[in-house]
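*Asks:* Sequence and predicted structure below; questions after.
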Amino acid sequence: QFQAKKLDAHAYRQKILQERKQGGFASSAGDLVIDSEDLHDVDVTKSPGYRREKHMDKQRKRENMKSRRESSTSSSSASSSPSEAEDSSKSSFSQCTFNMANILMGVGMLGLPNVFKSAGWIGGTCVTIGFCLVTWKTSYYLGRALNGDPRPVHLFDGSDLTIKRMRKPVSSFPEIAREAFGDNGCICLSAVLYFELFSCLSIFFVSLGDHLHALFPNISQAKHMTIVAGILTLPSALLRTPKLLSYLSMVGTFATVAVVSSVVASALYMFFTVGDSAGVEKEDYALYSSSGLPLAMGIVAYCFSGHAIVPSIYNSMQRPHEFERMIDLTYGVVLSACLFVAVSGYYMFGDDVDDQITISLEKRAGEGNLAMDCLTWLMILTACSKFTLTMFPLALGFEEMLTNILPSDLAMELVDSVVKIVLIFLALAVAIWFPSFSFLCSLVGLICTVIVSVIFPALANLRLFGPSLPLSEKLFGWVLVVGGTFVAVVGTIATVDADI
């Protein structure tokens with residue numbers, strides 16, 4: 001006899017019962033039992049319940065094999081400690097460092113020379129280094145909240161079993177919000193994250209329009225964005241999983257390396273051939289400009305908007321107690337790359353630098369420069385892949401809200417496609433209305449990144465571990481909360497009022 005244990009697909013079970021009334025019966029345990037002779041024309045493998053059971057069987061076999069290997073290893077080597085056993089499915093220290101750096105060094109890096117254009121040499125350097133240090137510290141806060149203790153995570157490497165955590169560890173951003181602020185706090189944080197994702201769609205549209213306009217100047221930026229929106233509608237609406245598109249994410253890594261290398265190499269070439277002025281009049285360099293600080297802060301904040309992914313990086317580590325050392329190395333690399341791009345771009349173009357440094361390089365290279373054309377197309381492909389990948393979690397959020405009121409999977413798929421199409425054209429409308437890359441990046445940085453990457457981690461650290469924190473740590477936390485709120489409110493107002 002073939003026994004199918006409590007298949008989830010109720011309709012499929014009823015179909016079998018109706019088609020095979022003879023020879024099948026329900027056991028007293030509630031399991032469906034069907035004679036194998038009556039199943040010669042029924043494909044049971046199409047049942048979701050059957051697939052889940054097969055998947056669970058494979059998972060149990062893997063877990064049993066893994067436990068047997070671990071037990072044999074521990075018996076053969078008595079000197080090995082439990083903390084030395086590592087999960088091969090987890091990421092190594094170098095892989096986590098690479099993933100974190102790849103998240104931080106995104107499209108926002110293209111606007112860093114504009115930071116120095118807005119705030120000057122001194123203002124741009126101070127804003128970049130200052131915000132890097134702040135987000136580096138708040139990354140510590142998130143790691144310790146995930147670990148369930150305000151002390152450094154390297155103390156919990158398993159060597160000292162007397163150290164106990166103050167709270168139970170958590171595994172996600174919403175869990176931190178729920179532990180610290182309850183369900184309402186979790187809802188508010190999710191709303192900010194979804195708003196950030198939607199804003200990123202508009203930023204990608206603007207970036208695509210700028211780069212395509214640099215290649216084809218006869219067509220306006222708005223028309224380029226509209227054409228791209230039409231092209232992206234089909235794959236975004238039809239594909240139900242970003243698995244295939246995720247392979248394009250490696251293009252973003254290659255594009256980041258190419259941009260940093262191209263900008264630094266071009267600056268070095270100009271320095272040794274032209275001189276310290278790079279052919280730019282000294283009047284086109286600003287030492288300090290307070291009026292451009294709000295815009296500069298927003299752009300830099302957008303560049304360091306990777307805190308939402310910190311829990312995923314932390315949970316993927318083979319040795320989570322090395323989290324803070326990984327953060328130290330990552331922020332050192334990212335800060336160096338950001339300063340290289342910002343200083344080199346502003347040195348080459350001064351106050352004439354565009355919102356995106358690649359646009360300035362393309363204009364200077366002129367037509368027929370194969371290397372710059374390839375770099376520009378690479379940025380276009382990167383923006384397209386990031387756009388589609390960003391669309392999926394945003395659409396999934398709306399899909400989860402509508403799950404309880406949709407009657408079938410077909411209705412869910414139709415609604416999912418409609419939601420994606422609506423989001424695409426809403427993001428296009430925002431991009432056409434505000435076609436400034438630096439303006440959108442600054443607004444997203446000031447409104448979303450300051451909340452997610454500065455205010456929330458500091459405030460959650462105070463709420464979760466306040467009584468056990470030293471006075472200096474409490475004061476610094478409140479400085480981040482109050483200062484972040486001031487920067488977000490005043491900076492947003494000043495940026496909106498500015499004539500960009």
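*Replies:* Good, I have the coordinates.

*Asks:* use CA for all of it now, contacts and neighbours both
*Replies:* Will do.

*Asks:* Measure how buried Tyr141 is and give me the count.
*Replies:* Look at Tyr141: counted by other CA atoms under 10 Å, it has 26 neighbours.

*Asks:* Then it would be within a helix, right?
*Replies:* Yes - applying DSSP: H, G, I helix; E, B strand; the rest coil, one finds Tyr141 inside a helix.

*Asks:* what does stretch 371-381 rub up against?
*Replies:* 207-208, 211-212, 215, 251-252, 255, 258-259, 358-359, 361-362, 365 (CA atoms under 8 Å, 6 or more residues apart in numbering).

*Asks:* Tell me where the stretch 301-450 of the chain is predicted with low confidence.
*Replies:* Low-confidence segments of the stretch 301-450 of the chain (pLDDT under 70): 368, 403-404, 406.

*Asks:* hmm, try it at 80
*Replies:* 365-369, 382, 385-386, 388-413, 415-416 (pLDDT under 80).

*Asks:* what about the helices in it?
*Replies:* Under the criterion DSSP state H, counting those that start in this stretch, the stretch 301-450 of the chain contains helices at 310-316, 323-349, 357-365, 370-402, 409-433, 437-444, 450.

*Asks:* How far does stretch 473-486 sit from its chain's centre?
*Replies:* Offset of stretch 473-486 from its chain centre (CA atoms, centre = their mean, to the nearest Å): 25 Å.

*Asks:* related to what we said a few turns ago, and the helices of the stretch 301-450 of the chain: which comes nearest Ala265?
*Replies:* Ala265 sits nearest to helix 323-349 of all these, at 8.8 Å, using CA to CA.

*Asks:* Low-confidence bits of the stretch 101-250 of the chain, can you list those?
*Replies:* In the stretch 101-250 of the chain, residues with pLDDT under 80: 106, 157-162, 232-250.

*Asks:* 50 instead?
*Replies:* Scanning the stretch 101-250 of the chain for pLDDT under 50 picks out no residues.

*Asks:* rewinding a little: buried subset of the contacts of stretch 371-381?
*Replies:* Buried members of those, scored by 16 or more other CA atoms under 10 Å, are 207-208, 211-212, 215, 251-252, 255, 259, 358-359, 361-362.

*Asks:* Could you dump these into TSV with distance to Gly108 added?
*Replies:* Output for the buried ones among the contacts of stretch 371-381, formatted as TSV (distance: CA to CA, whole Å):
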residue	distance to Gly108
Ser207	10
Leu208	13
His211	14
Leu212	18
Leu215	21
Val251	16
Gly252	12
Ala255	13
Val259	12
Thr358	12
Ile359	14
Leu361	16
Glu362	18
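
*Asks:* closest to Gly466 among the residues you listed?
*Replies:* Once CA to CA is applied, the member of the buried ones among the contacts of stretch 371-381 that ends up nearest Gly466 is Gly252, at 39.7 Å.

*Asks:* Check the closest one and give its pLDDT.
*Replies:* The model reports Gly252 with a pLDDT of 69.

*Asks:* cool, Gln18 as well?
*Replies:* Confidence score, pLDDT, at Gln18: 56.

*Asks:* ranges for the helices of the stretch 151-300 of the chain?
*Replies:* Taking DSSP H, counting those that start in this stretch as the criterion, the stretch 151-300 of the chain carries its helices at 173-215, 221-238, 243-246, 249-273, 293-303.
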